[in-house]
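Asks: Provided below for reference: sequence and predicted model.
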Amino acid sequence: MDEAKKKTDKNIDVILADIRLDEANPDNQEGILLLEWVKSNFPDKPVILMSAYMADGGKALLAKGAADFMEKPVFLAELKEKLKILTAK
């Protein structure tokens, strides 16, 4: 997560992160911590979170400020459409 924080700045349009930033640890949910950090430091930056492990469709993540949630596997056409919408100016 530290690496993601270092690379996040005002020039990024959208943040795309997996819930589990460390796949080796099944309890890892650093992506949610990253969402919370982004919303505290860059509140206007949209965050799309993805996971293969969320049974509720990410409703709790949307309540925490995620712009969207994608269940894995992520389909490129769907991701492109979401990015297009979120970056429209």
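Replies: Okay, I see it.

Asks: for this structure, give me the ranges with low pLDDT.
Replies: The chain contains residues with pLDDT under 70 at 54-57, 89.

Asks: quick one, helices of it?
Replies: Under the criterion DSSP state H, the chain contains helices at 2-7, 30-41, 59-63, 76-87.

Asks: in the second one, what's buried?
Replies: Neighbour-count burial for helix 30-41 flags 30, 31, 32, 33, 34, 35, 37, 38 (criterion: 16 or more other CB atoms under 10 Å). C-beta here means a position set from N, CA and C on the backbone, and glycine is covered the same way.

Asks: can I get the residues you listed in CSV with distance to residue 83?
Replies: Formatted as CSV, the buried residues of helix 30-41 follow (distance: CB to CB, whole Å):
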residue, distance to residue 83
30, 22
31, 17
32, 21
33, 23
34, 18
35, 17
37, 21
38, 16
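
Asks: ok, back up a step: of all the helices of the chain, which one is nearest residue 52?
Replies: Among these, helix 30-41 comes nearest to residue 52, with 12.1 Å by CB to CB.

Asks: could you list every helix and strand in contact with the closest one?
Replies: Using 3 or more CB pairs under 8 Å, 6 or more residues apart in numbering; DSSP states H and E, the elements in contact with helix 30-41 are helix 2-7, strand 15-18, strand 47-51.
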